[in-house]
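In: quick one, fold the following:
(chains A and B)
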Amino acid sequence: MLRYTLLRILGAIPTLLLVIALAFLMVHAAPGGPFSSERVLPEHVEKEIERRYHLDEPLPKQFLRYVSGLLQGDLGPSYSYRDYDVDELIADTFPVSLKLGALAMALALLLGVSAGTVAALRQGAWLDKFVMGFSMTGISIPVFVVAPVLVLFLAVKLQWLPAGWTSEVGLKRLFLPVVTLALPQIAYIARLTRASMIDVLNRDFIRTARAQGLGTATVVRVHALKPAMLPVLSYMGPAIAAVLTGSVVVEEVFGIPGLGQQFVRGASNRDYTLVLGIVVSYATLIISLNLIVDILYGVIDPRVRYR
Amino acid sequence: MNTLRILGLCLVFAGLYACGGTDEPVGPPDTLQRGLPTDAETLDQHKARSIQAADVLRDLSEGLVGYSADGQLIPAAAESWDVSGDGLRYTFHLREGLRWSNGDALVAGHFVAGMRRLVDPATAAVYVDLLSGIENAAAISAGDIPVSMLGVEAPDDRTLVIRLAQQAPYFISLLSHPSTFPIHPPSIAEHGDAFARPGRMVSNGAYKLDAWVPGALIALKRNEHYWNNAATAIDAVNYHVLVQDTAELNRYRAGELHTTSTVPPDAFAQVRAQYGDELHVAPYLGVYYYGFNLTKPPFKDNPALRRALSMAVDREQLAEKVVGRGEAPAYSWVPPGVNNYEPPLSSFASLGKGEREQLARRLYREAGYSENNPLRVEIRYNTNDTNRKIAVAIQSMWRDVLGVETVLINEESQVWLANMRQAEVTQVFRASWMGDYNDAHTFLSILQTGNAMNMPRYEDEEYDDLMERAAAQGDEKQRRLLLEEAERHMLSDHPVIPLYFYVSKHLVSPQIEGWGDNVLDYHYSQQLSFKAADSQ
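Out: Alright, predicted model coming up:
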């Protein structure tokens, strides 16, 4: 188990390095610069600012400077927030995105697994059709449509919930963004659970369990749920990635100061260090999550370890 | 360990996490909630560049002069001033008992320090050229002489003397710009360049910085030490950063904002019908234009072609039908409403549509183009719905009137900007200019040879000469005539096609009193108040 874990971790390092190098090249290849705007700076001012941020150096030197900073845990100064360092911006915004993502995932798992299981047990009945119909809708309608519709209905018309993040503090403001973010995941997880549950319920060991006289609830809880969860668990990695990237839109619509929003604005402002910092953080996060899922997989299904 | 336990743990963890503490303030119940279309890049007055940062800074800090809600220049930190007979020496008398938000006394020396920091090349200030009219300012910012030689001094704590190298009748209005505001030297000594952050920033305006959540919220609260604190009605101001105009409108509709920064183009008609008097539309110091790349064919040395293209544009239809939010069609470069200036109009402004188009066709033929040999041209614009609509309309006007074959190229804004600045691939490009102060100079100067904002690369000796003569002219009327002549000359050369003049568009809640529409689009929070409950 230890060897399996170590190999997985070692494999992740080159991936991360590659991501950093590619991201660095891509942000610098984009035309324009962090300090260009329609209001052009006087030439000597522009030169002075570029000198200060080392943007006048050749690209390989800038890259080495960046990577050596990174190794010391320094993500550099932000160009678009001139009084802030990238680490500060990420430290401020990441918890917000994490909170949003964690809640959305929790909601998605809770509702998705329950709905999927119920649909599997009532296969072909109206409840099954309802759940599947709903989940098909959830998958097909993109977040950028769902979000404004929910805002219009629940915040503008009924005024039950705040339309924006900064208008309230506390849990109330979390509701709409979390639901918006969770909807497609609920739908997807419900479909996954249903398919896998139907498969498991037709296995021999379930028949044996039923033959022993166990009730449906016990059969599902004790015997069926665990094997049925395997596909859902391996979907967790991509799901978390989807929630994180999906949060870009949700954060923009609700005005939430999260990582996704900073990423989009950083990219259009050519805030190289902010974009790179966020890419590095995202990449580290997603690689670690996949790593964790791989390791958990090894825990749940011992066969994986010996393959 | 089993699957369910893992999933269960995740759920519990997420739940606990979500219930964790909250961070930013919502403010007291009568907090003014305002929309801000982009976040301030910094609240350091010398590094700030955006209009939004300046808006927030005008609430936080105060210069020698300010503006009233209806756009009149009024005394601010200075209670009065004298100008010498030759117009070169300004003596400002500061109010008694001025204080910083931490209680420190504010003295004239702090204004000197602020202006020195602005022109110091080490600061790399964005608006370094704003005060280039002050004695020695240009040489200091070029790094030739020390900053202590700037023509600004404080003979005593309440007197500030500014000496100009050249007369500039608009000079006094520059002093409402945040980059001319005073600095608090102890803050800079303690925190260096990162002094403009919550918990550190010391300011001298009606409000002080309470909190800043980058990307979401700038929260201000009353500055008890402000000289006119008794007249400040609202205790706290929240600026909500709302990049999407539809999100901002939704917040207003939900009653979460008192003022918006704009109105989404697509919702404008509906908003006007629904909100009536809550919608404020007013002329604004900004021009939307198409520029020609004058460094390359087909537009280099081809004024007839430029004129033909300019005349083929139906500006009324563009302003009323395509943009349609109260914008005025532009037949001049300087917008109407600028102080002490009457913009000259293009010679074809008075012609009827048919006559104008006929003339345009003749010029087009004279330039060597015809049905069989049409002009093929590219319009570049930055991706944006309004820009696209306008480009499509102009494409069709040029085709219908002249037979021009136009290719529309929309570019991400940094790409568009880079292309425009390099002037290599551009032919016709969309651009705009917003005035920095209420004087024709802020518009006309950008088309002078060598100006960094001169995107068409217009170079004309006569124009430059007229502009220089105007700058040297002490008599206001003579100066005005020279500037008008410069504009007339430039318009007849057609380096640009001015299309329309911007308007400011705000929704203002009926709960708010004291809002005034003005060409500068300045709306100081200290001038606003909540209506008394019984009068609502």
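
In: helices along the stretch 51-200 of chain A, start to end?
Out: A:59-71, A:86-121, A:126-140, A:143-150, A:175-201 (DSSP state H, counting those that start in this stretch).

In: so which of those helices is nearest residue B:494?
Out: For residue B:494, the closest of the helices of the stretch 51-200 of chain A is helix A:59-71, at 40.9 Å, according to CB to CB. Bear in mind the C-beta positions are built from the backbone N, C-alpha and C, glycine included.

In: nearest spatial neighbour of the residue of the stretch 151-300 of chain A found nearest chain B, chain-adjacent residues omitted?
Out: In the stretch 151-300 of chain A, no residue comes nearer to chain B than residue A:257, which is 3.6 Å away by CB to the nearest CB. Leaving aside its sequence neighbours, residue A:257 sits nearest to residue B:216 (CB to CB, 6 or more residues apart in numbering or on different chains; 3.6 Å).

In: mind listing what's buried in stretch B:179-193?
Out: Applying a neighbour-count criterion of 16 or more other CB atoms under 10 Å in any protein chain shown, one finds B:179, B:180, B:181, B:182, B:183, B:184, B:187, B:188, B:191 buried in stretch B:179-193.

In: repeat that for stretch B:355-373.
Out: For stretch B:355-373, by 16+ other CB under 10 Å, it's B:356, B:357, B:359, B:360, B:361, B:363, B:364, B:367, B:369.

In: can you tell me which of the residues you listed are in helices?
Out: Under the assignment DSSP state H, the buried residues of stretch B:355-373 contribute B:356, B:357, B:359, B:360, B:361, B:363, B:364 to helices.

In: please report how far the fifth one lies from residue A:214.
Out: Distance from residue B:361 to residue A:214, counting by CB to CB, to the nearest Å: 90 Å.

In: the second one too?
Out: As defined by CB to CB, residue B:357 lies at a distance of 87 Å from residue A:214.

In: does residue B:74 lie in a helix or a strand, and which?
Out: Under the criterion of DSSP states H and E, residue B:74 resides in strand B:73-75.

In: and the next helix or strand after that strand, what's buried?
Out: For strand B:73-75, the following helix or strand on the C-terminal side (DSSP H and E) is strand B:78-83. Buried residues in strand B:78-83, counted by 16+ other CB under 10 Å: B:78, B:81, B:83.

In: what strands line up against the helix or strand following strand B:78-83, and which way round?
Out: Using DSSP H and E, the next helix or strand after strand B:78-83 towards the C-terminus is strand B:89-94. Sheet partners assigned to strand B:89-94 using DSSP bridges are listed as strand B:78-83 (antiparallel), strand B:159-163 (antiparallel).

In: make a markdown table out of those and add mean pLDDT.
Out: Putting these into a markdown table (pLDDT from 0 to 100) gives the following:
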| stretch | mean pLDDT |
| --- | --- |
| strand B:78-83 | 95 |
| strand B:159-163 | 96 |
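
In: stretch A:30-41 near chain B at all?
Out: Yes - with CB under 8 Å from any CB of the partner chain as the criterion, chain B is reached by stretch A:30-41 at A:30, A:31, A:32, A:33, A:36, A:37, A:38, A:39, A:40, A:41.

In: what parts of the stretch 51-200 of chain B come near chain A?
Out: So the stretch 51-200 of chain B meets chain A at B:121-122, B:124-126, B:128-129, B:141-143, B:193-194, B:196-197 (CB under 8 Å from any CB).

In: what residues does the stretch 1-150 of chain A put near chain B?
Out: Residues of the stretch 1-150 of chain A lying near chain B by CB under 8 Å from any CB: A:30-33, A:36-45, A:48-49, A:52, A:80-84, A:89, A:92-93, A:98-99, A:102-103, A:105-106, A:109-110, A:113, A:148.

In: restricted to buried residues, select the residues you listed in PyMOL.
Out: To isolate the buried ones among the residues of the stretch 1-150 of chain A next to chain B in PyMOL, judged by 16+ other CB under 10 Å, type:
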select buried, chain A and resi 30+32+33+36+37+38+39+40+41+42+45+48+49+80+81+82+83+84+89+92+93+98+99+102+103+105+106+109+110+113+148
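
In: any low-confidence regions in the stretch 101-250 of chain B?
Out: Within the stretch 101-250 of chain B, no range satisfies pLDDT under 70.

In: picking up where we left off before, could I get the helices of the stretch 51-200 of chain A as JSON lines with mean pLDDT?
Out: As requested, the helices of the stretch 51-200 of chain A are exported to JSON lines (pLDDT from 0 to 100):
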{"stretch": "helix A:59-71", "mean pLDDT": "90"}
{"stretch": "helix A:86-121", "mean pLDDT": "90"}
{"stretch": "helix A:126-140", "mean pLDDT": "87"}
{"stretch": "helix A:143-150", "mean pLDDT": "87"}
{"stretch": "helix A:175-201", "mean pLDDT": "90"}
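
In: quick one: closest of these to residue B:247.
Out: Across those, closest to residue B:247 is helix A:143-150 (CB to CB), at 8.1 Å.

In: which residues touch that closest one?
Out: Residues outside helix A:143-150 that contact it (CB atoms under 8 Å, 6 or more residues apart in numbering or on different chains): A:176-177, A:179-181, A:183-184, A:246, A:249-250, A:253-254, B:246, B:250.

In: ok, for residue 183, nearest residue in space, not its chain neighbours?
Out: Just so you know, I chose chain A. Spatially, and ignoring its direct neighbours in sequence, residue A:183 is nearest to residue A:138 (4.9 Å; CB to CB, 6+ apart).

In: if you could check chain B rather than the one you did, that'd help
Out: With CB to CB, 6+ apart as the criterion, residue B:183 has its nearest non-adjacent residue at 4.4 Å, and that residue is residue B:114.

In: circling back to that earlier point, just send the strands paired with strand B:89-94 back as a markdown table, with distance to residue B:529 too.
Out: Putting these into a markdown table (distance: least, CB to CB, whole Å) gives the following:
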| stretch | distance to residue B:529 |
| --- | --- |
| strand B:78-83 | 23 |
| strand B:159-163 | 31 |
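
In: so which of those gets nearest residue B:281?
Out: Proximity to residue B:281 (CB to CB) singles out strand B:78-83 among those, at 32.9 Å.

In: name the residues that touch the closest one?
Out: B:64, B:65, B:75, B:89, B:90, B:91, B:92, B:93, B:94, B:95, B:160, B:172.

In: so stretch B:425-440, near chain A or not?
Out: Yes - using CB under 8 Å from any CB, stretch B:425-440 reaches chain A at B:431, B:432, B:433.

In: ok, the residues you listed vs residue B:153, which is closest?
Out: Of these, the one sitting nearest to residue B:153 (CB to CB) turns out to be residue B:433, at 34.2 Å.

In: got a list of what whichever residue of chain A sits closest to chain B touches?
Out: Distances between chain A and chain B by CB to the nearest CB are smallest at residue A:32, namely 2.7 Å. Contacts for residue A:32 (CB under 8 Å, 6+ apart) come out as A:270, B:413, B:414, B:415, B:417, B:418.

In: buried ones from the residues you listed, can you make that a ChimeraX selection?
Out: Burial among these is assessed by 16+ other CB under 10 Å; the matching ChimeraX selection reads:
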select /A:270 /B:413,414,415,417,418
